[in-house]
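Colleague: what follows is a predicted structure for the sequence shown.
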Amino acid sequence: MERLELIRLLGARHALAEPAPLRVVEEREPERFMTAFAQTVAQSETVLVCDPAWGAAERAQLAILRQSKIENPKSKIPQGWLCLPTGGTSGQLRFARHDQGTISAAVRGFCAHFKLTTVNAVGVLPLHHVSGLMAWMRCALTGGHYVPWDWKQLEAGALPALPGGGEWFLSLVPTQLQRLLLQPAAVDRLRRFRAIFLGGGPAWPELLQATATARLPLALSYGMTETAAMIAAQRPEEFLTGDRSCGAVMPHARIEISAEGLIRVGGDSLFRGYFPAWREPQPFATEDLGHFDTVGRLHIDGRRDAVIITGGKKVTPAEVETALRATDQFADVAVVGLPDAEWGQIIVACYPATQTAPDLAVIDGMLGRGLAAYKRPKRYVIVDPWPRNAQGKIDRVALFSAVSGSPR
C-alpha cells in the first residue's frame, strides 16, 4: 500500500505539495481525532500521536523530541512516519515508528487469521493508543464500519446501532471487562460480537472464569505498540472450550522464544525504530517471558522487568519514586505493583516507619501537577523493618512480600 492510498481510505481531502515536516495529533474526542489524524497524515511528513492526558513530565519529554532531526540517513524511502506513543520498559516517553507498510501488514494478518475480508468494530478504547487506533485501521483499510462509542454508555448496557449487518469486533482492557460483567444488560449485548479482544495487561484467573461462565466470545491476544497491536490471538471458540493461551501466531508475524524464555518478535508489522532513530530490520527482543504449548499456542509467563501495568497502562516504579521524592515528604520511598481485581495491578508507595509521616495532601497536590493520574499511588504503606540488602539497596522482593500482606 502507498501512503496516498491510506490517505484516500481515511477520507482526507488532499495532500499538500509541500507537507509540514512534523505535526502532532492530540484529540480526546474520537470524531475529532479521526478528522485530525486523516488531515495530518495527508499534510505532514512525520506524524506524532499524543495522549491528551499527559502531565508535565511527558510534555517536557515531547518538547525535546520535537526538536530532533527526523531524516533517515540510511534510506530515501519515507518509512516510519507514523509515530505511536509507548512507555516501553524504560518509563521514558517513546514513539514507535510505523507507516502504511506496517499498518497494512497488521490488517492483512488479522483478516487472514480470522478469515475476513471486511472488519467492523465498535471502538471504546482511546484512538491515541495502539489498540484503539488499530481497531479503526482494520475497518478503514477493509472498507468496514468503525463506530466510536462512549465507554460509559457501553458500561450501562447501551450499544450503538450497527450498520450493514455482518460480524462485529470489540477491544477492551481487563478493567473494562471486569466492570461490564457486573451489568447484566451489558453482558447480554457483549454476546452479539464475533470476538472481544482483551489486551493492555494480564487478566487474572477469576476474571477469565467469570467471562467463560457468562459465555462471552473472548479472544485473548498478544501484541504491543511495536508490532502494531496483536501478533497472536485466540479464536473465541478456543477460549470457550477452556484454552487460556494467547492463541496461534498470526500470519504476518514471527515469534521466537529464547533459551531463557524471552519472547523475540519479527514480521512485516514490526516498527521501524523509536523516534527520532531508526532500527535495522531484525527481530525485536521484548521483556516478556513465554512459551509455546504442544500445538503451537503462545503462553505468556510474565515480564522480566519491573514495569507495573495498571488499567492497561505501563508505569515504571523509578519514575513515580522520583516524583514522590521531589515532594520532600519522604526520607526514603519505593513503589511496587500489587495485584488488583479491577485494575490488574495498583501502584503502592512504601516508606519506612522511622520517618515522619508524610503529608498526603501536599503529595497529592504536587503529583497532580506533574504526573499523569494513572501513575499516582493508590495506597501509601508503612514498612517496618525497611528491607535493604548487603549492598544497601532496597530488597524489592522482601518489600513486595511485606506489602502484599499488609491491610488495605
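Modeller: Alright, I've got the coordinates.

Colleague: so where's the stretch 201-350 of the chain uncertain?
Modeller: Counting by pLDDT under 70, the stretch 201-350 of the chain contains low-confidence residues at 201-202.

Colleague: now with 80, please.
Modeller: In the predicted model, the stretch 201-350 of the chain carries pLDDT under 80 at residues 201-206, 301-306.

Colleague: for it, which segments count as strands?
Modeller: Under the criterion DSSP state E, counting those that start in this stretch, strands of the stretch 201-350 of the chain are mapped to 218-224, 229-233, 248-249, 253-257, 262-267, 284-292, 298-303, 308-310, 313-315, 334-340, 344-352.

Colleague: deepest of those, which one?
Modeller: Among those, strand 229-233 has the highest mean neighbour count (mean count of other C-beta atoms under 10 Å), at a mean of 28. Using the backbone N, CA and C atoms, a C-beta is placed for each residue, glycine as well.

Colleague: re the thing from before, and the strands of the stretch 201-350 of the chain as a markdown table, adding distance to His113?
Modeller: As requested, these are exported to a markdown table (distance: least, C-beta to C-beta, whole Å):
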| stretch | distance to His113 |
| --- | --- |
| strand 218-224 | 10 |
| strand 229-233 | 6 |
| strand 248-249 | 8 |
| strand 253-257 | 10 |
| strand 262-267 | 12 |
| strand 284-292 | 17 |
| strand 298-303 | 13 |
| strand 308-310 | 25 |
| strand 313-315 | 26 |
| strand 334-340 | 31 |
| strand 344-352 | 25 |
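
Colleague: so which of those strands gets nearest Ala38?
Modeller: Ranking the strands of the stretch 201-350 of the chain by distance to Ala38, with C-beta to C-beta as the measure, places strand 229-233 first at 19.3 Å.

Colleague: from Arg192, how far off is Pro217?
Modeller: In this view, Pro217 and Arg192 are 9 Å apart by C-beta to C-beta, to the nearest Å.

Colleague: what does Leu62 give?
Modeller: Using C-beta to C-beta, which is the criterion applied here, Leu62 is 40 Å from Arg192.

Colleague: more neighbours, the two?
Modeller: It is Leu62, of Leu62 and Arg192, that has more neighbours when counted by other C-beta atoms under 10 Å, with 18 against 13.

Colleague: so which elements touch whichever strand or helix holds the more buried one?
Modeller: Element membership for Leu62, per DSSP states H and E: helix 56-65. For helix 56-65, the elements it packs on are helix 360-370, judged by 3 or more C-beta pairs under 8 Å, 6 or more residues apart in numbering; DSSP states H and E.

Colleague: check which residues of the helix it packs on are buried.
Modeller: In terms of neighbour count (16 or more other C-beta atoms under 10 Å), helix 360-370 has its buried residues at 363, 366-367, 370.

Colleague: other SSEs contacting that helix?
Modeller: Using 3+ C-beta pairs under 8 Å, 6+ apart as the contact criterion, the secondary-structure elements in contact with helix 360-370 are helix 56-65, helix 317-325.

Colleague: quick check: which of those helices is buried the most?
Modeller: Neighbour counts averaged per stretch over the helices and strands packed on helix 360-370 are highest for helix 317-325, at a mean of 18; criterion: mean count of other C-beta under 10 Å.

Colleague: using CSV, write down the CA coordinates of it.
Modeller: The C-alpha trace of helix 317-325 is given here as CSV (Å, rounded to 0.1, in the frame of the first residue of the first chain):
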residue,chain,number,x,y,z
PRO,A,317,8.5,2.5,39.5
ALA,A,318,11.5,4.7,39.2
GLU,A,319,9.5,7.5,37.5
VAL,A,320,6.9,7.5,40.3
GLU,A,321,9.6,7.3,43.0
THR,A,322,11.4,10.3,41.5
ALA,A,323,8.2,12.3,41.6
LEU,A,324,7.5,11.3,45.2
ARG,A,325,11.0,12.3,46.4
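
Colleague: what sits closest to Ala57 if chain neighbours are left out?
Modeller: Ranked by C-beta to C-beta, 6 or more residues apart in numbering and with sequence neighbours excluded, the top spatial neighbour of Ala57 is Gly370, at 5.5 Å.

Colleague: these two touch, right, the one you found and Thr322?
Modeller: No. Between Gly370 and Thr322 there is no contact, the gap being 10.1 Å when judged by C-beta atoms under 8 Å.

Colleague: what's across from Cys350 in the sheet?
Modeller: Ala334, Val381 (DSSP bridges).

Colleague: contacting residues for it?
Modeller: With contact set as C-beta atoms under 8 Å, 6 or more residues apart in numbering, Cys350 has these partners: 333-336, 380-383, 399, 402-403.

Colleague: what of Gln79?
Modeller: By C-beta under 8 Å, 6+ apart, Gln79 lies in contact with 72, 97, 99, 101, 272, 278.

Colleague: what is the nearest of those residues to Ile347?
Modeller: Out of the contacts of Gln79, the one with the shortest distance to Ile347 is Arg97. That distance is 29.4 Å, counting by C-beta to C-beta.
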